[in-house]
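Novice: Fold the following for me, if possible:
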Amino acid sequence: MQPTPISVFRSQPPPLWYVTNGELTVGPVATTLLARGVESGRVPEYCHVRAARGTWRELVGVREIAALGTKPNAKAPTEEQFSEWARPIERVRDEAELCHTITWLALIATGAESAMFHYRGRYSNDLVTRSVLGPMPNDQLNMSLRPDDPVLSAARERRPVVGPPYGPAEDALAMRFATSSGGVGAAAMIPIFVAGSLKGMLEISRPGHAFRRGDLVRAERIAQRALLPRAN
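Specialist: Okay, the predicted model is just below:
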């Protein structure tokens with residue numbers, strides 16, 4: 001049995017929401033209870049919600065609520081589908097195919113528009129951009145990250161980079177995706193550690209809202225499980 005790699009993300013309680021119709025505010029309520037209220041019609045679609053320390057947003061700003069109005073073929077893959085797709089990559093021997101598949105699964109897991117995967121091979125000391133997916137040029141492909149790259153510095157400290165809000169590392173990350181056709185409304189970098197060593201960096205962006213922590217953790221797990229056999 002191989003040990004489960006440790007996540008760089010700290011555990012957090014599930015979000016709780018306050019709901020208002022403009023006159024009356026109720027809460028906090030869990031996301032599942034909020035979704036049931038919307039489905040049953042007890043929470044009208046014109047209501048607004050906010051997290052305990054957040055700002056008011058439309059109901060569709062909650063991903064689970066937005067999903068209620070999507071077509072069946074537009075829904076995110078199930079956990080069973082992800083498990084089925086991710087299982088074969090543990091046996092992939094070709095590094096190019098491995099990196100491409102990890103990046104592709106990260107796109108699906110997080111709902112990103114564009115993604116890059118920087119990987120440190122067995123005989124390399126540098127993280128090299130091995131895969132670029134999405135509507136953007138691949139001129140960074142097969143290039144090593146600079147030692148003074150602020151996003152790389154955060155990865156070495158086991159610190160994920162997630163924006164908005166933005167700071168120096170988040171700005172540098174967003175600049176990597178500045179040429180993507182949809183623009184950068186949200187960006188994230190997930191450092192991938194295997195056996196205590198930094199093996200890769202998953203970087204994703206999209207023009208819409210910020211990425212959910214649970215989706216980032218799922219992408220992290222996919223990459224860790226794919227790279228774990230190569231660490232032994």
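Novice: Next SSE downstream of the least confident helix or strand in the chain by mean pLDDT?
Specialist: Every helix and strand in the chain was compared by mean pLDDT, DSSP states H and E; the lowest is helix 79-86, with a mean of 64. Secondary structure here is assigned by DSSP states H and E; on that basis, the next helix or strand after helix 79-86 toward the C-terminus is helix 95-110.
Novice: Sheet partners, orientation included, of the next helix or strand after that following helix?
Specialist: Tracing the chain C-terminally past helix 95-110 and defining elements by DSSP H and E, one meets strand 114-119 next. The partner list of strand 114-119 in its sheet, established with DSSP bridges, is strand 128-133 (antiparallel), strand 197-206 (antiparallel).
Novice: all strands of the protein, in order?
Specialist: In the chain, the strands defined using DSSP state E lie at 16-20, 25-30, 48-51, 57-58, 114-119, 128-133, 161-163, 186-194, 197-206.
Novice: Single out the most deeply packed of these.
Specialist: strand 114-119 (a mean of 26; mean count of other C-beta atoms under 10 Å). Placement of C-beta: from N, CA and C, glycine included.
Novice: quick one: average pLDDT of that one?
Specialist: Across strand 114-119, the average pLDDT comes to 95.
Novice: Could you tell me how far it lies from the centre of the chain?
Specialist: On the basis of C-alpha atoms, centre = their mean, to the nearest Å, strand 114-119 sits 12 Å off its chain's mean C-alpha point.
Novice: Kindly report the domain assignment for the protein.
Specialist: According to the domain assignment given by automatic domain parsing, the chain is divided into the following structural domains: 16-72, 79-231.
Novice: For burial, what's the neighbour tally of residue 99?
Specialist: 26 (other C-beta atoms under 10 Å).
Novice: can you tell me how far it sits from residue 162?
Specialist: Residue 99 sits 22 Å away from residue 162, going by C-beta to C-beta, to the nearest Å.
Novice: What is the end-to-end distance of stretch 205-220?
Specialist: End-to-end distance of stretch 205-220: 15 Å, with C-alpha to C-alpha, to the nearest Å as the criterion.
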